[in-house]
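Colleague: pasting the sequence and the predicted model now:
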Amino acid sequence: MALEPASVTHTIEPVFDGRSSVLVLGTMPSPASRAQGFYYGHPQNRFWPVLAALWGEPVPATVDERRAFALAHGVALWDVLAQCTIAGASDSSIRDPEPNDLARVLDAAPIRAVATTGGTAARLYRRFDARRWPDLPHLALPSTSAANARMSLGSLVEAYGPLKALAEGGDPAAVVAAAVNPAT
């Protein structure tokens, strides 16, 4: 049974502080994330296991643990969209997208790069935001959603390695360039 599209307004506050160096943007919180009130909240989403594996730490389980984990590692969290029409959590169903004002985070935190999770988030970031901050490197990462089952957890951890490098102070332009054009 297909879900009917519904107008959804983003209500989860961005996560950032004075140590946040990379802004990770999804598209729009899933129904499970909206119910939980935090990012990547669906139990089958692999975002938190991927980050935990990158840093060699236990998977944060609660909202407070996840917020603390992100902030401790210099990772800010938000989404590209403030509002859209969407069927469930299907990014491919998004219509009438309205962007968040990323200046709220980018003007307040020392963000050195933006990473997007999934193809739709990357496309929408380029459409709405990339021209506004042309000197801010953008790293397009694969989706950690269960819908992206073609990628194993290990493959996702490898793909997200540049995120850790960015968060730990790696040169943003060099890290993004290496991720886009890996040595063969």
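Modeller: Everything's here; your move. Given the structure is predicted, the values throughout are model-derived calculations rather than measurements. Numbering: from 1, shown residues only.

Colleague: which secondary structure state does residue 13 sit in?
Modeller: coil (DSSP: H, G, I helix; E, B strand; the rest coil).

Colleague: for residue 166, give its distance to residue 59.
Modeller: 21 Å (C-beta to C-beta, to the nearest Å). C-betas here are computed from N, CA, C, even on glycine.

Colleague: who has more neighbours, the two?
Modeller: residue 166 (27 against 14; other C-beta atoms under 10 Å).

Colleague: and that one, how far is that from residue 27?
Modeller: 20 Å.

Colleague: and the nearest residue to residue 51 once chain neighbours are set aside, which of the three is it?
Modeller: Nearest non-adjacent residue to residue 51, counting by C-beta to C-beta, 6 or more residues apart in numbering: residue 69, 6.8 Å away. Following three-state DSSP, we place residue 69 in the helix state.

Colleague: three-state assignment of residue 24?
Modeller: Under three-state DSSP, residue 24 comes out as strand.

Colleague: name the nearest residue to it, sequence neighbours excluded.
Modeller: Per C-beta to C-beta, 6+ apart, closest to residue 24 is residue 115, 4.9 Å.

Colleague: pull the helix or strand with minimum mean pLDDT from the protein.
Modeller: Least confident helix or strand, the chain: helix 172-180 with a mean of 89, by mean pLDDT, DSSP states H and E.

Colleague: what's the distance between that helix and the middle of its chain?
Modeller: When distances are taken as C-alpha atoms, centre = their mean, to the nearest Å, helix 172-180 is centred 17 Å away from the chain's centroid.

Colleague: just want the angle from that helix to strand 22-26.
Modeller: Relative orientation of helix 172-180 versus strand 22-26 (axes from the mean of the first three to the mean of the last three C-alpha atoms, to 10 degrees): 40 degrees.

Colleague: quick one: contacts of helix 172-180?
Modeller: Outside helix 172-180, the residues that touch it by C-beta atoms under 8 Å, 6 or more residues apart in numbering are 112-113, 136-139, 162, 165-166.

Colleague: go on, stretch 124-131?
Modeller: Contacts of stretch 124-131 (C-beta under 8 Å, 6+ apart): 25, 27, 80-81, 94, 97, 99, 102, 114, 116, 136, 138.

Colleague: in that stretch, what's buried?
Modeller: 124-125, 128-129 (16 or more other C-beta atoms under 10 Å).

Colleague: which residues touch residue 122?
Modeller: Counted by C-beta under 8 Å, 6+ apart, residue 122 has contacts 116, 138, 140.

Colleague: wasn't the last one part of a strand?
Modeller: Yes - secondary structure assignment places residue 140 in a strand (three-state DSSP).

Colleague: gap between the spatially closest residue to it that is not a sequence neighbour and residue 66?
Modeller: Once flanking residues are discounted, residue 140 sits nearest to residue 122: 3.9 Å by C-beta to C-beta, 6+ apart. Distance, residue 122 to residue 66, using C-beta to C-beta: 23 Å.
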